[in-house]
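K.L.:
3D, please:
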Amino acid sequence: MKLFKFGGASVNSVERIKNLVPIINFYKGETLTIIVSAMGKTTNALEKVAAAFFAGKKDEALSLFEQVKQQHLTITKYILVKEYNACYEALLNFFTEVEWLLYDKPVRDFDYYYDQIVCCGELLSTSIISFYLREEGIANEWVDVRDILRTDNNFRDAGIDWEWSTVKIKQRIREAAVPIVITQGFIGATDDNESTTLGREGSDYTAAVFANILDAEYVTIWKDVTGVMNADPKVFPDAQLMPELNFTEVIEMAYYGAQVIHPKTIKPLQNKGIPLLVKCFLDPTLPGTIIHEQKIKKLPPVIVIKQDQVLMHLTTNNFSFVGDEPMSELYNLFSRLKIKPNLIQTGAISVQLCFDDRAEKIGQLAAAASIFFDVQVEKNLSLLTIRHYDTKIAAKLTENKTIILQQQTPETVQYVYQNIS
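P.N.:
Numbering: from 1, shown residues only. Take a look at the predicted model:
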């Protein structure tokens, strides 16, 4: 069995959806489980719906959701003929699921509503693709992943119940009447049937989870790039393709914020030695990148830039040393508030923490930490990470930047710097 994952960019237009047919037909006769993301930019659009709803702007939320509906209905009209009515009915069910919520008033926290709304994107895209493949003569079964992937209720970053999900996934995929199953990435459900998401870019993680449970031969992630690059080619036009990587290197890249592979994706594959291929859906003949367990030498510098960063400066209230109790309380706060620092640097009487700028979480952390520390927050920052760095590349990338914080090991250097307004 092979596991494919198609990202949002690979299904964001009629032309690109049609491009799935030759790729899948190339593997005719194979048993395939295909994970599909929401169509490009749909998740961002649904995030705006969720934000408007939570802010009490019902009309705005409904208007924004109407745009999402019309985008998917338009694609359906252009791509389907025989299967149009059946697909239309399926989409209406998902539209109703969200609109029912939007007419209500928020009584729970934002993360809960985020997951109930944003999960719609994957359900819509996979429905359209499943019906289209049928119309093109590719028999497949559509599966609602929420029926077979159980999670906890840590909304927006849910943890998987592996024992329950393993039984259900094996049972459902094995009982499929045809060799091809289409399902969603990124989403799951609690035991109360409340939708959850696995964190941004969580479709890659879903693919790895299914591959682990189903003992896949390998996983292929189909993207709009030629493979894994040493930097974002949209920012660095001279970025290089890395034809081979090992699991450890990719885990490091993911930890530092590289967007090619989701941070949680690698471990389920590494545990069973399942190779991961990253290939270009625009030209499937290209070799792409293979990720495996073998050691790789002489990698180029790997560059990761995270924008919209916040640096929190914590200084002990009485200028005493940062001891076990304040640090223990700080880590307890991270756990309780479900917030993860991208960088931590500790001094004698101070701690500096770099986070993604999630205003509500940052505010809660600052308020709670003020019991032990004097707290200062600095915004509008970026975090630059260079693995396999040399002095030349480090100097070039930090030229004319105001460096606020630097952290360095023999393998990796990181800089927090101010953005120029």
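K.L.:
From now on I want contacts and neighbour counts done on CA atoms only, so please keep to that.
P.N.:
Will do.
K.L.:
Backbone dihedrals for residue 29, please?
P.N.:
phi 90, psi -10 (degrees, to the nearest 10).
K.L.:
how deep is the closest residue in space to it that isn't next to it in sequence tucked in, by neighbour count?
P.N.:
Counting by Cα to Cα, 6 or more residues apart in numbering, residue 29 lies nearest to residue 179, which is 7.5 Å off, once chain neighbours are set aside. Using other Cα atoms under 10 Å, residue 179 is surrounded by 19 other residues.
K.L.:
go on, residue 238?
P.N.:
Neighbours of residue 238 under the rule other Cα under 10 Å: 12.
K.L.:
again with residue 332
P.N.:
Neighbour count for residue 332, taken as other Cα under 10 Å: 12.
K.L.:
any weak-confidence spans in the stretch 51-200 of the chain?
P.N.:
For the stretch 51-200 of the chain, residues meeting the criterion pLDDT under 70 lie at 200.
K.L.:
in it, which spans are strands?
P.N.:
For the stretch 51-200 of the chain, applying DSSP state E, counting those that start in this stretch gives strands covering 141-142, 180-184, 187-189, 195-197.
K.L.:
what's the closest of the ones you listed to residue 258?
P.N.:
Ranking the strands of the stretch 51-200 of the chain by proximity to residue 258 (Cα to Cα) places strand 195-197 first, at 19.7 Å.
K.L.:
packing partners for the helix or strand just after the closest one?
P.N.:
For strand 195-197, the following helix or strand on the C-terminal side (DSSP states H and E) is helix 202-214. Judged by 3 or more Cα pairs under 8 Å, 6 or more residues apart in numbering; DSSP states H and E, helix 202-214 is in contact with strand 2-6, strand 32-36, helix 162-174, strand 219-223, helix 266-272.
K.L.:
Give me the contact list for the second one.
P.N.:
Spelled out, that is strand 32-36. By Cα atoms under 8 Å, 6 or more residues apart in numbering, the list of residues contacting strand 32-36 from outside reads 1-8, 122, 125-126, 179-185, 203, 206-207.
K.L.:
Pull out the buried residues from stretch 56-63.
P.N.:
Residues 58, 60, 61, 62 are the ones in stretch 56-63 that count as buried (16 or more other Cα atoms under 10 Å).
K.L.:
meant to ask about stretch 176-188
P.N.:
179, 180, 181, 182, 183, 184, 185, 186, 187, 188.
K.L.:
Could you do stretch 14-22 as well?
P.N.:
For stretch 14-22, a neighbour-count test (16+ other Cα under 10 Å) marks 17, 18, 19, 20 as buried.
K.L.:
What of stretch 411-418?
P.N.:
For stretch 411-418, using 16+ other Cα under 10 Å, the buried residues are 412, 413, 414, 415, 416, 417, 418.
K.L.:
In helices, which of those residues fall?
P.N.:
Among the buried residues of stretch 411-418, no residue falls in helices (DSSP state H).
K.L.:
Spit out the contact partners of residue 356.
P.N.:
307, 308, 309, 310, 341, 342.
K.L.:
Save those residues as CSV, and put in secondary structure and neighbour count too.
P.N.:
Below are these laid out as CSV (DSSP: H, G, I helix; E, B strand; the rest coil; neighbours: other Cα atoms under 10 Å):
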residue, secondary structure, neighbour count
307, strand, 14
308, strand, 14
309, strand, 22
310, strand, 24
341, coil, 14
342, coil, 17
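K.L.:
what number of residues lie near residue 354?
P.N.:
Residue 354: 24 neighbours (other Cα under 10 Å).
K.L.:
Ok, residue 328 next?
P.N.:
Quick note: residue 328 (other Cα under 10 Å) scores 10 neighbours.
K.L.:
now for the strand or helix carrying it, which elements pack on it?
P.N.:
Using DSSP H and E, residue 328 sits in helix 324-337. Applying 3+ Cα pairs under 8 Å, 6+ apart, one finds that helix 324-337 contacts helix 359-369.
K.L.:
orientation of the helix it packs on relative to helix 324-337 in degrees?
P.N.:
Calculated by axes from the mean of the first three to the mean of the last three Cα atoms, to 10 degrees, helix 359-369 forms an angle of 150 degrees with helix 324-337.
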